[in-house]
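>>> Give me the fold of what follows.
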Amino acid sequence: MALLAHRKGLLDELGVLWRLVTRSTRGRTAISLQISIVSMIAVLLGEIWQLPILSLIPITVGALWQANRLANMKIAVTFLVFFTLVIGALYIGAVLTVNNFFATLAVNLLFSFVFFYLGTASSLGLIAVVAGLVLSYLLLTLDTIHDGDTVMRFILYAWLVFLLIGGLLAVVGSVLAPSPRRVLMKQIAERLSLTAQFLSPELRNGKRQRGLTEAVMDTVKEGVSGMMVSLALMGQEGRWAEEDINKLRRAALHSFAVLQLAEQRFCRGQTDGPWPERKIMAELIEEMTACFDLDRLPCEIGTIHGLTDPTLLKMLALLENFTEPLAASELAPPVKEGEEAPKPKKPGFFKPDAFTNAEHIRQAIKGTVSVFFAIVTYKMLNWPGVHTCMITCFIVSMPTMGAVMDKQILRIGGSLLGCSLSMFIITFLMPHMTNVAQLLLSVGAVVFCGAWVKAGDVRISYIGLQIMVGFLLCDLTQPAPVTDLTVPRDRVIGILIGLSISFAVHTLFWPRSAAAGLPEKLKQVDGLLKREVDAVGVERSILQVAQVQEAVAGALQSLRYAMIEPSYIRPPRRILLHYHLWLRQARRRAGLKLLAGDAGGIEGLIGLERILNVPAHEAASRGGENK
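Residues are numbered from 1 along each chain as shown. You can find the predicted model right below:
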């Protein structure tokens, strides 16, 4: 029975994974096509100019590509400025370390530490990690070149590659990617469409209900932050009227509220009715969804009769003033008489705790030590094909042990898929290719598959990126067609070496459990819940509920990381299960403000003190509970 239960659990997990991969959402196909097209353009330009490190161009563009044109332009400008400085650092490093491996290693480790630190302590994030990865790899490559003219030519070619990446993000991104307004319209339409599908009588199909329920719950957990970012970008673009922005602000909040009401009322085993009323509401929401899909705001809705269900009546009230203007000031917390409203702080380059939180230094040290062992292993083996061990150390370096293990699992899974596709193309398709167009089509097809997964849920998006990385590192190692099957083999071996080094380093040096930050996140959720009770106004209440959902989703992510950690690092499983139970109840209670219209449901939430006040000896015990 235990074996059957384990097998059933595994099948359920595979079923969830499959539904996440195949879930079709608005914009997912479009962004996959955009990344595929820009990757083919990048490969074509690289083949024409016979650029070195050709695979770096589509990999970087695919990793940094954004859903709207303004975000792509911002990323392009930041990339060009920052990587011009990186080229300057590369030139200085090459001058100081020419024909001296130990000097190269020292400079390499110094730059690795700086970029690891910037990756966690600054607003650069992924760009800093990519910069450290690229700079380390280029320094190692230059260490094998002994002619000064060739070294300088290689550095200039590398700069050309970076200029090409920034140019593709800026120019092609402006042409292919939609405006922030169009992205926001799709986000609103997606929430309305899910609500309409969930209210439809066709939901009586149990299998369909399961996948749709998961999609509804996952979308609710996203809250409204993504839509608020699109609104902010609309204002920065300067092309849209203030009234249009204000109308879409209310529409974004109400689309979340309608979906939250449907999830709260009908996702809890109450799917038996009232079916006639649900059908009426579903048809109305489908009409509004069609308007947003056509990139226009819906007109006023007519009078709807025959609704008696309280939840559907609340939905109707939200839909009736769906596109009424809502200024940003109306969402600000109320200010007491005689006090001035606090001015929003502009985010700086460094995070507020960049110079006070020791975790940034520790994380940089762990990443640098991983890179050191990877470089030494790579040089000792004298095996150029396994350079992916150093790349892996940069990619999977994360603040907590659970996050590291999660990234390692996703990296090896995605890389195996990408390398397998590369081996298939090398074996069966490459011998029949006679021109570059056929190579571009094969690259475009695989990149589209990887981009499709990358554009999906956050739990699987990293697999999609690794599919692209694994494939492109195998098939674009040189301008000429690759016909050697040892290339994908070497890439996989290098990845396995890098994963082993990263796991050992993050286990031995300051191992930090993802559960360490859970108490603070639980307190944040509790504070938001209490603040949500006192919220004034429908829109403020909706915003507070959305913030609770986002905070719960972040805590659940950390909890998921903690559950896969070794038992000697994380707290006992029983404590983690208590956290999970409390978060589930908090998520359910958050929606009761919208459903019940009062704070009655929040009173039933288990006190957070009872969850956090665990005796120290229980937290330290690691007996059979962890197994």
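>>> give me the low-pLDDT residue ranges for the protein?
Within the chain, the stretches with pLDDT under 70 are 1-10, 201-208, 267-273, 299-300, 302-303, 333-345, 532-537, 593-608, 613-627.
>>> So this protein: which segments form each domain?
Domain assignment for the chain, taken from automatic domain parsing, gives 25-177+359-508, 180-327, 516-622.
>>> Any idea how far apart the tips of the longest one sit?
Think domain 25-177+359-508. Distance across domain 25-177+359-508, first residue to last, is 42 Å (Cα to Cα, to the nearest Å).
>>> Number of residues surrounding the closest residue to residue 174 other than its chain neighbours?
Of all residues not flanking residue 174 in the chain, residue 69 sits nearest, at 4.8 Å (Cβ to Cβ, 6 or more residues apart in numbering). No exception for glycine: its C-beta is placed from N, CA and C like everyone else's. Per other Cβ atoms under 10 Å, the neighbour tally for residue 69 reads 22.
>>> Also residue 368?
Neighbour tally, residue 368, other Cβ under 10 Å: 23.
>>> what's the following helix or strand after the helix or strand that contains it?
For residue 368, the host element (DSSP states H and E) is helix 358-381. Going down the chain from helix 358-381, the next helix or strand is helix 388-395, by DSSP H and E.
>>> CA atoms of the next helix or strand after that following helix as PDB?
The helix or strand immediately downstream of helix 388-395 is helix 401-424, counting by DSSP H and E. What follows is helix 401-424, C-alpha atoms only, in PDB (Å, rounded to 0.1, in the frame of the first residue of the first chain):
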ATOM      1  CA  MET A 401      20.300  25.300   0.200                       C
ATOM      2  CA  GLY A 402      16.700  24.600  -0.900                       C
ATOM      3  CA  ALA A 403      16.900  27.100  -3.700                       C
ATOM      4  CA  VAL A 404      20.300  25.700  -4.800                       C
ATOM      5  CA  MET A 405      18.900  22.100  -5.000                       C
ATOM      6  CA  ASP A 406      15.800  23.300  -6.800                       C
ATOM      7  CA  LYS A 407      17.900  25.100  -9.400                       C
ATOM      8  CA  GLN A 408      20.200  22.000  -9.700                       C
ATOM      9  CA  ILE A 409      17.300  19.700 -10.400                       C
ATOM     10  CA  LEU A 410      15.800  22.100 -13.000                       C
ATOM     11  CA  ARG A 411      19.200  22.700 -14.600                       C
ATOM     12  CA  ILE A 412      20.100  19.000 -15.100                       C
ATOM     13  CA  GLY A 413      16.500  18.200 -16.300                       C
ATOM     14  CA  GLY A 414      16.500  21.100 -18.900                       C
ATOM     15  CA  SER A 415      20.100  20.500 -20.000                       C
ATOM     16  CA  LEU A 416      19.500  16.800 -20.600                       C
ATOM     17  CA  LEU A 417      16.500  17.700 -22.700                       C
ATOM     18  CA  GLY A 418      18.400  20.300 -24.700                       C
ATOM     19  CA  CYS A 419      21.400  18.100 -25.200                       C
ATOM     20  CA  SER A 420      19.200  15.200 -26.300                       C
ATOM     21  CA  LEU A 421      17.600  17.400 -28.900                       C
ATOM     22  CA  SER A 422      21.000  18.500 -30.000                       C
ATOM     23  CA  MET A 423      22.100  14.800 -30.400                       C
ATOM     24  CA  PHE A 424      19.000  14.100 -32.400                       C
END
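>>> related to what we said a few turns ago, spell out which residues sit in contact with the residue nearest to residue 174, please.
By Cβ atoms under 8 Å, 6 or more residues apart in numbering, residue 69 lies in contact with 173, 174, 177, 178, 179, 180.
>>> what about 6 Å?
Residue 69 sits next to 173, 174, 177 when contact means Cβ atoms under 6 Å, 6 or more residues apart in numbering.
>>> Out of the residues you listed, which sit inside helices?
Using DSSP state H to define helices, the subset of the contacts of residue 69 located there is 173, 174.
>>> any chance of the contacts of residue 69 in CSV, plus neighbour count and distance to residue 554?
CSV is the format used below for the contacts of residue 69 (neighbours: other Cβ atoms under 10 Å; distance: Cβ to Cβ, whole Å):
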residue, neighbour count, distance to residue 554
173, 25, 29
174, 13, 33
177, 24, 27
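>>> could you dump the contacts of residue 69 to CSV with distance to residue 289?
Converted to CSV, the contacts of residue 69 look like this (distance: Cβ to Cβ, whole Å):
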residue, distance to residue 289
173, 27
174, 28
177, 23
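>>> now, which of the contacts of residue 69 sits nearest residue 354?
residue 173 (29.4 Å; Cβ to Cβ).
>>> which residue packs closest to that closest one, ignoring adjacent ones?
residue 72 (3.0 Å).
>>> Please identify which helix or strand holds the one you found.
Per DSSP H and E, residue 72 falls inside helix 69-97.
>>> what about the helices in the stretch 451-600 of the chain?
Ranges of helices in the stretch 451-600 of the chain, per DSSP state H, counting those that start in this stretch, are 461-475, 486-508, 518-533, 538-563, 573-590, 592-596.
>>> Save these as JSON lines, and put in mean neighbour count too.
Below are the helices of the stretch 451-600 of the chain laid out as JSON lines (neighbours: other Cβ atoms under 10 Å):
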{"stretch": "helix 461-475", "mean neighbour count": "25"}
{"stretch": "helix 486-508", "mean neighbour count": "21"}
{"stretch": "helix 518-533", "mean neighbour count": "18"}
{"stretch": "helix 538-563", "mean neighbour count": "21"}
{"stretch": "helix 573-590", "mean neighbour count": "18"}
{"stretch": "helix 592-596", "mean neighbour count": "20"}
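>>> mind checking which of those helices is nearest residue 241?
Closest approach to residue 241 among the helices of the stretch 451-600 of the chain (Cβ to Cβ): helix 538-563, 20.2 Å.
>>> what's the closest of the domains of the chain to residue 15?
Comparing the domains of the chain against residue 15 with Cβ to Cβ, the closest turns out to be domain 180-327 (8.5 Å).
>>> Between the two ends of the closest one, how far is it?
OK, domain 180-327 end separation, Cα to Cα: 18 Å.
>>> May I have the phi/psi pair for the residue nearest the centre of the chain?
Nearest to the mean C-alpha position of the chain, counting by Cα atoms, centre = their mean, stands residue 458 at 4.7 Å. In terms of degrees, to the nearest 10, the main-chain angles of residue 458 are phi -60, psi -20.
>>> ditto for residue 350
Backbone phi and psi, for residue 350 under degrees, to the nearest 10, turn out to be phi -100, psi 150.
>>> so it makes contact with residue 122?
Yes - using Cβ atoms under 6 Å, residue 350 is in contact with residue 122, at 5.3 Å.
>>> Next, the buried residues of the helix holding residue 368.
359-361, 363-375, 377-378 (16 or more other Cβ atoms under 10 Å).
>>> before we move on, what about stretch 45-54?
45, 46, 47, 51, 52, 53, 54.
>>> what's the helix or strand for the fourth one?
Looking back up the chat, that one is residue 51. Per DSSP H and E, there is no helix or strand for residue 51.
>>> same check, this time on the second one
Under the criterion DSSP H and E, the helix or strand holding residue 46 is helix 28-49.
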